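J.: Here is my input; please provide its structure:
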Amino acid sequence: MISRTLVAFLLVSILTSSATAQNADEAQPPAVFPPLTTPQQAAKQSLIDSIDVSPAAQRPNIVLIFADDLGYADIGCFGSTEIPTPHIDALVSSGMKFTNAYVTAATCSPSRAGLLTGQYQHRFGFEFNTNSRVVEQLGRGLDPAAVTMADILSKAGYQTGAVGKWHLGTREQFHPLNRGFGSFYGFLRGGHSYLPLGRQLFGRQLLFRSFEPVSEDEYLTDAFAREAVDFVNGQSDDTPFFLYVPFNAVHTPLQATAKYRNRFSKVEDSKRRTIYAMTSAMDDAVGRIVEAIDAKGFSENTLVIFFNDNGGPLYTGVQSNGPLRMGKLFLFEGGVRVPLVIKWPAAVEGGSVCDGIVSALDMLPTFSGVAGVTLPSSLNTDGVNLQPWLTGQRTDSPSETLFWRNGQNKAIRKGKWKMVEVPNHVWLFDLEEDIGERNNLAEEHPDVVRQLQREYRQWEATIKEPAWPPKARHPQETIDGVEYRVDV
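T.: Numbers count the residues shown, from 1 in each chain. Sure, this is the predicted structure:
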């Protein structure tokens with residue numbers, strides 16, 4: 001069970017996330033990453049201009065749906081028997097399910113940085129959340145020099161749009177419209193009320209259309225679905241599009257309307273009923289987006305990707321990561337292994353399964369590949385183009401080794417082996433036999449531990465120190481009698 005200390009810490013963080021907002025405009029600290037200078041901007045543009053795009057490429061549309069804090073086993077196609085998710089499940093029946101899919105961090109913000117850049121976010125010093133205090137958020141974000149998948153797809157002639165939660169910085173240089181996206185509707189910070197009550201902070205609107213604050217009367221998941229559908233409906237056959245939909249569902253605060261709560265009237269526990277309702281609302285939203293794609297005649301040549309930013313948090317007490325150990329915040333499987341489904345009727349056989357190791361790092365090279373983009377070697381991406389696996393040309397594992405670092409907590413997966421290391425303790429698991437990470441084999445296989453530690457040190461030598469510190473408070477969890485300090 002997760003400790004009361006950690007629950008209290010997280011609740012206080014949520015409740016105090018806006019406490020310093022009133023004076024934020026008067027007390028902005030220097031940005032960790034300031035706007036690019038003219039020479040820096042020119043260098044970035046030169047890198048983007050060096051991207052080669054094949055005129056003969058198929059250039060399918062791409063819709064990337066990114067859930068927030070979803071429990072691994074809280075959708076039907078990954079094991080839920082409690083929450084009907086027919087629309088997400090339908091993506092599996094007409095696409096490919098990935099059973100060993102990972103993100104690059106066990107928390108929201110760093111995970112998004114890795115996803116959008118195709119690089120370990122540590123290469124930019126983006127190791128921790130931008131944090132909840134507004135004066136900190138204002139100064140922290142994704143390095144403006146980093147090239148995003150939206151930058152690349154824009155170069156390839158795509159119309160690009162983002163709808164939902166950004167969480168990669170709030171200053172202008174971090175804004176989606178300055179990171180390759182042509183349109184944006186959503187919020188910039190890490191959390192937001194789903195209901196109209198609570199959508200203002202000291203009189204300020206927290207939702208934006210482009211750079212302009214807007215008011216919103218709909219349940220937020222429904223509103224994001226509406227905006228995503230409007231984006232799809234505004235597209236034409238002659239220009240491909242890329243739509244990024246990072247829902248904030250099912251992240252706290254736990255809020256749902258009667259429309260969705262009433263679907264689970266037999267669930268007595270109010271918190272559980274709400275999280276089920278929020279998940280159902282997101283499933284409806286996925287259905288609306290797919291329906292709009294179908295109605296426009298785009299379905300055959302559109303990739304629809306359903307992904308998640310990290311494992312379900314234990315502190316809600318009502319989410320399930322199924323057989324996986326721990327959850328959000330932790331580098332065990334429950335924190336970093338997530339559901340992934342890719343539907344692409346023109347190329348992917350419905351109902352197919354990939355059991356190989358894949359990562360959020362693979363999305364950028366895969367999208368680049370299908371768009372006919374040849375990435376310059378100087379971009380230094382860390383992922384793999386999954387096209388050969390999507391089309392059935394290859395059946396081996398796309399990746400062999402993945403790395404994670406969260407402050408003093410470290411992890412590596414290599415083949416069947418997974419090592420998690422904290423100060424003065426190492427866990428080693430055989431994931432082929434022990435997906436739940438219960439049987440520590442470190443003492444039985446010291447040679448494997450030493451090899452993984454060597455490889456980890458080699459990787460760690462290629463990344464940067466954190467660009468900002470984690471939160472000052474470091475609650476601890478006791479796991480197998482060992483103290484695990486959470487860095488957020």
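J.: All the helices of the stretch 51-200 of the chain, in order from the start?
T.: Counting by DSSP state H, counting those that start in this stretch, the stretch 51-200 of the chain has these helices, from start to end: 86-93, 108-117, 134-137, 149-155.
J.: Lowest average confidence across the ones you listed, which one?
T.: Note on these: lowest mean pLDDT is at helix 134-137, with a mean of 56.
J.: Tell me how far Phe341 lies from Thr130.
T.: Phe isn't right for residue 341; it's Val. 28 Å (Cβ to Cβ, to the nearest Å). For every residue, glycine as well, the C-beta is placed using N, CA and C.
J.: Neighbour count: the two, which is higher?
T.: Thr130 (27 against 24; other Cβ atoms under 10 Å).
J.: Is that one in contact with Gly190, as I believe?
T.: Yes: contact status for Thr130 versus Gly190: in contact at 6.8 Å, counting by Cβ atoms under 8 Å.
J.: quick one, phi psi at Asp355?
T.: Main-chain torsions, Asp355, degrees, to the nearest 10: phi -100, psi 0.
J.: Against Pro60, how distant is it?
T.: For Asp355, the distance to Pro60 - Cβ to Cβ - is 25 Å.
J.: Those two: which is more packed in?
T.: Pro60 (20 against 11).
J.: I'd guessed that one sits against Asn301; true?
T.: Yes: between Pro60 and Asn301 there is a contact under Cβ under 8 Å: 4.5 Å.
J.: if I look at those two, which residues touch both of them?
T.: Common neighbours of Pro60 and Asn301 (criterion: Cβ atoms under 8 Å, 6 or more residues apart in numbering): Trp344, Ala346.
J.: before we move on, back to that, need the helices of the stretch 51-200 of the chain in a markdown table (columns: distance to Gly317 and mean neighbour count).
T.: Below are the helices of the stretch 51-200 of the chain laid out as a markdown table (distance: least, Cβ to Cβ, whole Å; neighbours: other Cβ atoms under 10 Å):
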| stretch | distance to Gly317 | mean neighbour count |
| --- | --- | --- |
| helix 86-93 | 23 | 19 |
| helix 108-117 | 19 | 28 |
| helix 134-137 | 27 | 20 |
| helix 149-155 | 35 | 23 |
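J.: Any idea which of those helices gets closest to Asp238?
T.: Evaluated over the helices of the stretch 51-200 of the chain, closeness to Asp238 peaks at helix 149-155, with 16.0 Å, by Cβ to Cβ.
J.: okay, Ala27: pLDDT?
T.: 53.
J.: same thing with Asn131?
T.: Predicted confidence (pLDDT) for Asn131: 73.
J.: Chain neighbours aside, what residue packs nearest to it?
T.: Counting by Cβ to Cβ, 6 or more residues apart in numbering, Asn131 lies nearest to Lys471, which is 5.9 Å off, once chain neighbours are set aside.
J.: Please work out how many residues are found near the one you found.
T.: 17.
J.: In three-state terms, how would it be classified?
T.: Three-state assignment for Lys471 (DSSP: H, G, I helix; E, B strand; the rest coil): coil.
J.: Touching, it and Thr130? I think so.
T.: No: Lys471 is not in contact with Thr130 according to Cβ under 8 Å; the separation is 10.8 Å.
J.: and the residue nearest to Asn131, how far is that from Pro110?
T.: On the measure of Cβ to Cβ, Lys471 and Pro110 end up 13 Å apart.
J.: ok, Leu207 - contacts?
T.: For Leu207, the contact set (Cβ under 8 Å, 6+ apart) comprises Tyr185, Gly186, Phe187, His192, Arg199, Pro213, Val214, Ser215, Glu216.
J.: Give the bridge partners for it, please.
T.: With DSSP bridges applied, Leu207 shows beta-bridge pairing to Val214.
J.: for the stretch 351-488 of the chain, what spans make up the helices?
T.: Going by DSSP H, counting those that start in this stretch, the stretch 351-488 of the chain shows helices at 363-370, 387-390, 446-460.
J.: for the stretch 101-250 of the chain, which spans come out with low pLDDT?
T.: 132-138, 198-205 (pLDDT under 70).
J.: Now for Gly372, how many residues are close by?
T.: For Gly372, using other Cβ under 10 Å, the count is 16.
J.: Domain-wise, how is the chain divided?
T.: Domain ranges of the chain: 4-21+58-399, 403-485, per automatic domain parsing.
J.: So what sits opposite the closest residue to Phe298 other than its chain neighbours in the bridge?
T.: Distances taken as Cβ to Cβ, 6+ apart place Asn61 nearest to Phe298, at 5.6 Å, with adjacent residues excluded. Beta-bridge pairing of Asn61, defined through DSSP bridges, involves Thr302.
J.: Pretty sure Asn61 sits against Thr302.
T.: Yes: assessed by Cβ under 8 Å, Asn61 is found in contact with Thr302 at 4.0 Å.
J.: one step back: can I get the helices of the stretch 351-488 of the chain in CSV with distance to Gly125 and mean neighbour count?
T.: What follows is the helices of the stretch 351-488 of the chain, written out as CSV (distance: least, Cβ to Cβ, whole Å; neighbours: other Cβ under 10 Å):
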stretch, distance to Gly125, mean neighbour count
helix 363-370, 19, 25
helix 387-390, 31, 19
helix 446-460, 13, 14
